[in-house]
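# return a 3D structure for these sequence lines:
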Amino acid sequence: MPLADGTLVKVPGSGHSDKTLASLLTLSDVMCTWHHAAVYANVKKVDMVAIVGDGAVGLCAIIASKRLGAQRIISLSRNPSRQKVAREFGATDIITERDKEAYESVMGLTDGVGVDASLECVGTNEAMQTALYIARPGSTVSYGVSLMVSRYLLRTYSIVMWVCMVVKHRLDHTCLNFLMIF
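Below you'll find the predicted structure:
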C-alpha cells in the first residue's frame, strides 16, 4: 500500500481479535484523512461547518469537526439512517436538498453568508459544486482525493472550481484554499 506509513499507528497491547483490528481500519484511513481535512479547513470553536456527503467519509468528517470544536455542523444527507448517525456524531442541522435547493437551505441557515468551512466528502462534480457554493467568501473548501486522481484534479478540475468561486463571489472577496489529502 503506497504511502501507508503516513497513517500507520502501533496499537498498544497484543492478541487483539480480528473484529477489533478491523474496527481500527477506519481510524487508520478515513478518520485520519478527514480529521486532517478539518484541521486544514481551520475548523475551530466558532466555525459553522458543512459536510457534503453522508457515507463513512462524511460521518468521519462530522466526528472530526465536532472533536475540533465546531459550534454548528451542517450535514447534507438524504439517507434517514445516516442522518440519525450524523446527529449522534454531532451534526446540528441536516439538509436533505441538493444543488440549488441545498444552496438556498444553507444560505437560509447562515443568514445568507455561507459556512466558514465546507468539507466535500463525496467525490463528484455536483458535490464539489455544492461545497463551493455554500462556502462564504474567504472560507476554506477541503476535499480528499486518492493519489491516482490528484494530478488530474490539480491540472484541470481545481482550475475550473477556482474560476467558479471567483465568478460567484467576485475576485476581491475570494480566498479559496484547495486541500489535497493523499
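# please export the C-alpha coordinates of the helix or strand encompassing W34 as PDB.
If you go by DSSP states H and E, W34 is part of helix 30-40. C-alpha atoms of helix 30-40 as PDB (Å, rounded to 0.1, in the frame of the first residue of the first chain):
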ATOM      1  CA  VAL A  30     -10.900   7.500   6.600                       C
ATOM      2  CA  MET A  31     -11.000   9.100  10.000                       C
ATOM      3  CA  CYS A  32      -7.500  10.500  10.000                       C
ATOM      4  CA  THR A  33      -7.900  11.800   6.400                       C
ATOM      5  CA  TRP A  34     -10.900  13.700   7.400                       C
ATOM      6  CA  HIS A  35      -9.500  14.800  10.700                       C
ATOM      7  CA  HIS A  36      -6.700  16.400   8.800                       C
ATOM      8  CA  ALA A  37      -9.100  17.900   6.200                       C
ATOM      9  CA  ALA A  38     -11.000  19.500   9.100                       C
ATOM     10  CA  VAL A  39      -7.700  20.800  10.600                       C
ATOM     11  CA  TYR A  40      -6.600  22.300   7.300                       C
END
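# and the average pLDDT for it is what?
The average pLDDT within helix 30-40 is 78.
# in whatever helix or strand comes next after it, what counts as buried?
Sequence order places strand 48-52 as the next helix or strand after helix 30-40, per DSSP H and E. Neighbour counts over strand 48-52 (16 or more other CB atoms under 10 Å) mark M48, V49, A50, I51, V52 as buried. (Each C-beta comes from the backbone N, C-alpha and C, glycine too.)
# after strand 48-52 comes which helix or strand?
Taking DSSP H and E, what comes next after strand 48-52 is helix 56-67.
# quick one: average confidence on that next one?
Here the average pLDDT along helix 56-67 is 92.
# so which elements touch it?
helix 30-40, strand 48-52, strand 72-76, helix 80-89, strand 115-120 (3 or more CB pairs under 8 Å, 6 or more residues apart in numbering; DSSP states H and E).
# which of these comes out lowest on mean pLDDT?
helix 30-40 (a mean of 78).
# which positions within it qualify as buried?
Under 16+ other CB under 10 Å, the buried positions of helix 30-40 are V30, M31, C32, T33, W34, H35, H36, A37, A38, Y40.
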